[in-house]
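S.K.: Give me a 3D structure for the following:
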Amino acid sequence: MMNALIGYARCSTDKQDLAAQEDALLKLGVAADRIYTDRGFTGTNRARPGLDQALAAVRSGDTLVVPKLDRLARSVPDARAIGDELSGRGVKLQIGGSVHDPTDPMGKLFFNILATFAEFEADLIKMRTREGMAVARAKGKLRGKKPKLSDRQQKELRRMYDTGDYSISDLAEVFSISRPTVYRTLMRHASANGVRDQAQC
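M.R.: Numbering: from 1, shown residues only. The predicted structure is shown next:
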């Protein structure tokens, strides 16, 4: 079928709900049976079977539709690889309500700019988190609201963050908390470790 809309949605864990993303795709005109999804795969994991199926389903003249760019890719190389594949096959990319044709010079430029900013934002978040943790360690304590997560959840959040596979946004989704809460949890955990390390010296 020519000029078909193929949708793709992704969430980072099996427990998260894709309903909001699927509803957004339906409102953008994608048929329910043309929506492909991935559960339990982070944006940094390129091995996503649902995405592979969506890319296999699109044909020349079709449009691949995603609610947001970060549902499709989280790094410049990944985004560019997908963009190059779409371009080579004559497939357009629709991000929310904006349609970008990767074969058009302006569309390709815009796609690369979006991908660059997505990676820049992720790097900036990591940098701010490291800076915040350094300040917390220097002070030896943190001031803030009472933790919203249990001790076990805080340890698990820290473990997931340390793997490097999860961004701040991923962790906020997984634990159903805000980004600032993720920051506070990471810094609080770092501060506590610093106090214990000093006590053992």
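S.K.: Return the lengthiest strand in the chain as PDB; C-alpha atoms alone will do.
M.R.: Scanning the chain for the longest strand, with DSSP state E as the assignment, gives strand 5-11. Provided in PDB are the C-alpha atoms of strand 5-11 (Å, rounded to 0.1, in the frame of the first residue of the first chain):
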ATOM      1  CA  LEU A   5       1.300   5.500   8.000                       C
ATOM      2  CA  ILE A   6       3.400   3.000  10.100                       C
ATOM      3  CA  GLY A   7       3.500   3.800  13.800                       C
ATOM      4  CA  TYR A   8       6.100   2.900  16.400                       C
ATOM      5  CA  ALA A   9       6.000   3.200  20.200                       C
ATOM      6  CA  ARG A  10       8.400   2.100  22.900                       C
ATOM      7  CA  CYS A  11       8.700   2.000  26.700                       C
END
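S.K.: Domain boundaries for the protein, per the record?
M.R.: 5-103, 121-200 (automatic domain parsing).
S.K.: Would you mind giving these as a markdown table with mean neighbour count and mean pLDDT added?
M.R.: In short, each C-beta sits where N, CA and C put it, glycine included. As requested, these are exported to a markdown table (neighbours: other Cβ atoms under 10 Å; pLDDT from 0 to 100):
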| stretch | mean neighbour count | mean pLDDT |
| --- | --- | --- |
| domain 5-103 | 18 | 85 |
| domain 121-200 | 15 | 75 |
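S.K.: Turn those into a markdown table, columns for distance to residue 110.
M.R.: A markdown table is the format used below for the domains of the chain (distance: least, Cβ to Cβ, whole Å):
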| stretch | distance to residue 110 |
| --- | --- |
| domain 5-103 | 6 |
| domain 121-200 | 17 |
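S.K.: Between the ones you listed, which one is closest to residue 113.
M.R.: Residue 113 lies closest, by Cβ to Cβ, to one member of these: domain 5-103, at 10.3 Å.
S.K.: Off-centre distance for the closest one?
M.R.: 12 Å (Cα atoms, centre = their mean, to the nearest Å).
S.K.: Kindly report the same for stretch 150-161.
M.R.: With Cα atoms, centre = their mean, you get 19 Å for stretch 150-161.
S.K.: In the protein, mark out all the helices, start to finish.
M.R.: With helices called from DSSP state H, the chain shows them at 19-27, 49-57, 69-72, 76-88, 105-139, 151-163, 168-174, 179-200.
S.K.: circling back: neighbouring strands - and their directions - for the longest strand of the chain?
M.R.: strand 35-39 (parallel), strand 63-66 (parallel) (DSSP bridges).
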